[in-house]
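Peer 1: just to be clear, the model below is a prediction. Sequence and coordinates:
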Amino acid sequence: MVTQVQIIQWIQVFASVIEHHKEELTELDAAIGDADHGINMDRGFKKVSNLLPSFVDKDISTIFRTVSMTLISSVGGASGPLYGTWFLRASSATAGKKELTEEDMLKFLQSGLDGVIERGKAQLGDKTMLDVLSPAVVAFEQAVNEGMGTVEALRVAVSAAEQGLQETIPMVAKKGRASYLGDRSVGHQDPGGTSAYFMLRSLLKVVDSQKKGGRG
Ligand code: ADP
Ligand code: MG
C-alpha cells in the first residue's frame with residue numbers, strides 16, 4: 001500500500017530533485033528548446049512545496065488536484081499544462097483514497113499518461129515526456145499482472161523509464177519547441193522526459209525507503 005503520507009513525501013522529494021537539477025533541466029532545454037524547463041518546473045514545484053503543510057490530512061485525490069491546479073497556474077510552456085493534466089487525471093483516478101494498492105497505482109499512472117496523450121497529442125518516438133511515461137506504465141502493468149507488489153513493480157517501471165529516456169537522445173523531435181529544430185534535435189536528451197524520469201524515480205525512492213524502514 002502507498003499511503004497518503006508517502007504521496008506527500010513523494011511530492012516533497014520530487015520538488016527537491018527538481019530544485020537540485022534545475023540547471024541541468026534548463027541546459028537540456030537550452031540545447032533543443034528555449035532554456036526554461038528547469039526554471040518552469042522549479043517555479044511550480046516551489047509553490048507546490050509551500051502548500052504541502054495544508055495537505056497533511058487531505059486524501060490523495062485532493063492532494064493531486066491541488067498539485068495540478070498549482071502547476072497549471074504557475075508553470076508556463078508546454079510542460080505546465082501537461083504535468084497539470086497528469087496530476088488532474090491522477091486525482092480523478094484516486095477519488096476518496098487515503099492509500100493505494102498496486103491496482104490503484106496502475107490506474108492513476110495509466111490515467112495520467114492518457115491525459116498527457118490526449119492533451120499533447122504526441123506519439124511514441126516524438127521525443128517527449130511520453131517516451132518516458134509510456135514505457136514506465138507498460139512495465140508497471142506487466143509487473144503487477146505478474147504478481148509483483150508496488151515497490152518491485154515501480155522498480156521495473158523506473159528502469160523502463162530510464163531506458164526510454166536514453167532512447168530520446170537519437171530521436172528527431174516532432175512535438176513542442178524542439179520540433180522546430182528538426183534533425184538538429186538529434187543527439188540531445190529530452191528535457192521533459194528527464195523531469196518525468198525524476199518524478200517516477202522520486203516515487204520509487206519514497207515507497208522503497210518506507211519498505212526498508214518497515215523491515216527494521
Ligand atoms: P516549452 O517547450 O513550452 O518551453 P518546457 O520547456 O517547460 O515547455 O517543456 C518542454 C518539454 O515538454 C519537452 O521536453 C517535452 O518533453 C514536453 N512536451 C512538449 N510538447 C509536448 C507534447 N505535445 N506532448 C508531450 N510532451 C510534450
Ligand atoms: Mg522550454
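Peer 2: Thanks, I have it. Bear in mind the structure is a predicted one, so any value in this text is a computation, not a measurement. Ligands and ions are numbered 1, 2, ... in the order given.

Peer 1: residues of the worst-scoring helix or strand of the chain on mean pLDDT that come out buried?
Peer 2: The weakest-scoring helix or strand in the chain, judged by mean pLDDT, DSSP states H and E, is helix 191-215 (a mean of 86). Along helix 191-215, the positions that meet the burial threshold by neighbour count (16 or more other C-beta atoms under 10 Å) are 191-208, 210. Every residue, glycine included, has its C-beta placed from N, CA and C.

Peer 1: just these that are near ligand 1?
Peer 2: Contacts with ligand 1 within the buried residues of helix 191-215, counted by C-beta under 6 Å from any ligand atom: Pro191, Gly192, Gly193.

Peer 1: neighbours of the nearest residue to the second one once chain neighbours are set aside, how many?
Peer 2: Counting by C-beta to C-beta, 6 or more residues apart in numbering, the nearest residue to Gly192 once its immediate chain neighbours are dropped is Met129, at 3.9 Å. Neighbours of Met129 under the rule other C-beta atoms under 10 Å: 31.

Peer 1: could you measure from Met129 over to ligand 1?
Peer 2: With the distance defined as C-beta to the nearest ligand atom, to the nearest Å, Met129 ends up 4 Å from ligand 1.

Peer 1: that residue and Gly193 touch, don't they?
Peer 2: Yes: the pair Met129 and Gly193 qualifies as a contact (C-beta atoms under 8 Å) at a distance of 5.1 Å.

Peer 1: got the residues of this protein near ligand 1?
Peer 2: Contact residues (C-beta under 6 Å from any ligand atom) of the chain with ligand 1: 29, 33-34, 36-37, 40, 77-79, 82, 116, 120-122, 128-130, 175-177, 190-193.
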